[in-house]
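Participant: structure for the following, please:
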Amino acid sequence: MTSPNTLDTSTARPPRHRFFHGWLVVAGAFAVMFVGFGCAYTFSAFLEALQHDFGASRGEVSLVFSLAGFLYFGLGVFSGPLADRWGARRLAIAGMVFVGLGLVLASQARSLTQIFWAYGLGVGLGVGASYVPVLGAVQRWFVRQRGFASGLAVSGIGVGTLAMPPLASWLIDTLGWRDAYLALGVLAAVVGVGMALLVENDPRTRGLGPDGDPPKALASTALPPGASVREAVGSGRFAGLYAACLISSFGLFVPFVHLVPYALDHGVAASSAVLLLGAIGVGSTAGRFFLGGLADRMGRHYALPLMSAGMALSLVVWAMSGGLWGLALFAFAYGVFYGGFVALLPALVMDWFGGRHIGAIIGILYTSVAIGTLIGPSAAGFAFDLTRSYLLPILVAIGANVVAAGLLLAMAQRGRRAVQSAF
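Facilitator: Modelled structure (predicted):
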């Protein structure tokens, strides 16, 4: 028998940690994506200089980004399973080394072909090795706040898009494009590798459960619950999500490559044109940070089609704009919905298929984005070379997002009817 003033430790709940270590994992993921995607999205700032120095067409130069984009989404099919087996930290460190090395080698290139291999392979392999693993790691550390945490982590992409292109433009004006690539490469290796050390795969290795709750009665070596890769990939949900992502991605990254050249073609000063990528970054950061938390409350399966519809509407603004302020409005709005889309996608995958093989499942899903990224930006460049206009690529991007929104909404409605019929 215990006295009234004595705590019965047999029934007391384990104390909550004041600071949940999962937020350090989020910080590491944020930094890895800031460095990787920030460096990748500086490409538009280099496009004119590369086109001038190597006497290349806009479509030919755009192929460099398309290769990098194909790799950093397509390689998730390998890096995801490797992270499930080896841990996300090792993959993130290797990825940051590849990004830095690729940029350093690009600074020494003497032909567009050498840029193609140095930048395309270096940045592509680097982001591809790190992106899906750190995304998967964040999903395992959270349940109740998964949308918010995922949005905060991937907001590193938005902040990188805000900060890195203006930095690259300043470096190009000050040092020339070669030394600009060299400086970015050193930055990527030092900051990226240092922050990648914060990434950890599973809260149970620290005796924690998701969100800082006490861990459930599972052996520390047990796999997290969830579908196998075969079960997930063979499901109708995955097929619909894959199709929607594939269709949407044909236009997803066209603004990241061609918005600055479009603005220059319409008389916008170079110093202002590069800031348009920053506007995408501001919007993207806001979308990832705020829409992720909002979707936790309204339902992520309904929020995702709204993101595709929002991108379609913002692309209409681009098609109708030629001045700086209209393009800035488009860039910010597009960034908001693009950021929300990227934040919600991995969280929705975790909702539907669990965490057992989250890295592998996200990696396979992102091959859809890889295909679209390989085709979309370069096709837009070649379309411009033929027509001297970006109208056709913009209209294709609008249509792709409308179709993707319809597919995602149909899946959400079908899931709702299935839940209702179960009761």
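Participant: going by C-alpha atoms from here, please, whenever you check contacts or count neighbours.
Facilitator: Fine.
Participant: name the helix or strand for Gly310, please.
Facilitator: Counting by DSSP states H and E, the element that carries Gly310 is helix 300-319.
Participant: next, the angle from whichever helix or strand comes after that helix to helix 300-319.
Facilitator: Using DSSP H and E, the helix or strand that directly follows helix 300-319 along the chain is helix 324-353. Here the directions of helix 324-353 and helix 300-319 differ by 160 degrees (axes from the mean of the first three to the mean of the last three Cα atoms, to 10 degrees).
Participant: could you say what helices and strands whichever helix or strand comes after helix 324-353 packs with?
Facilitator: The first helix or strand that comes after helix 324-353 along the chain, using DSSP H and E, is helix 358-387. Applying 3 or more Cα pairs under 8 Å, 6 or more residues apart in numbering; DSSP states H and E, one finds that helix 358-387 contacts helix 58-74, helix 76-86, helix 112-140, helix 229-233, helix 236-252, helix 254-265, helix 324-353, helix 391-421.
Participant: for the first one, the distance to its chain's centre please.
Facilitator: Right, the one you point to is helix 58-74. Its chain's average C-alpha position is 15 Å from that of helix 58-74, according to Cα atoms, centre = their mean, to the nearest Å.
Participant: repeat for the fourth one
Facilitator: Its chain's C-alpha centre and that of helix 229-233 lie 23 Å apart, by Cα atoms, centre = their mean.
Participant: now the fifth one
Facilitator: Between the centre of helix 236-252 and the centre of its host chain there is 15 Å, according to Cα atoms, centre = their mean.
Participant: where does the prediction get shaky in this structure?
Facilitator: For the chain, the stretches with pLDDT under 70 are 1-18, 216-224, 292-293, 295-296, 298, 414-423.
Participant: please save the CA atoms from the helix holding Gly310 in CSV.
Facilitator: Output of helix 300-319 as CSV, limited to C-alpha atoms (Å, rounded to 0.1, in the frame of the first residue of the first chain):
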residue,chain,number,x,y,z
ARG,A,300,-4.2,14.6,-47.2
HIS,A,301,-6.0,12.6,-49.8
TYR,A,302,-8.3,15.6,-50.5
ALA,A,303,-5.6,18.2,-50.3
LEU,A,304,-3.3,16.6,-52.9
PRO,A,305,-5.7,17.1,-55.9
LEU,A,306,-6.1,20.7,-54.8
MET,A,307,-2.4,21.2,-55.2
SER,A,308,-2.5,20.0,-58.8
ALA,A,309,-5.5,22.2,-59.6
GLY,A,310,-3.7,25.2,-58.0
MET,A,311,-0.6,24.6,-60.2
ALA,A,312,-2.9,24.5,-63.3
LEU,A,313,-4.5,27.8,-62.4
SER,A,314,-1.2,29.5,-61.7
LEU,A,315,0.2,28.3,-65.0
VAL,A,316,-2.7,30.2,-66.7
VAL,A,317,-1.3,33.4,-65.1
TRP,A,318,2.1,32.6,-66.7
ALA,A,319,0.5,32.1,-70.1
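Participant: which residues are in contact with Leu395?
Facilitator: Contact partners of Leu395, counting by Cα atoms under 8 Å, 6 or more residues apart in numbering, are 316, 319.
Participant: quick one: it from Ala163, how far?
Facilitator: Distance from Leu395 to Ala163, counting by Cα to Cα, to the nearest Å: 29 Å.
Participant: helices or strands up against the helix holding Gly310?
Facilitator: When contacts are defined as 3+ Cα pairs under 8 Å, 6+ apart, helix 300-319 sits against helix 324-353, helix 391-421.
Participant: if we can go back for a sec, most neighbours per residue, which of the helices and strands packed on helix 358-387?
Facilitator: Highest mean neighbour count among these (mean count of other Cα atoms under 10 Å): helix 112-140, with a mean of 27.
Participant: continuing past that one, what's the next helix or strand?
Facilitator: Following helix 112-140 toward the C-terminus (DSSP H and E): helix 146-175.
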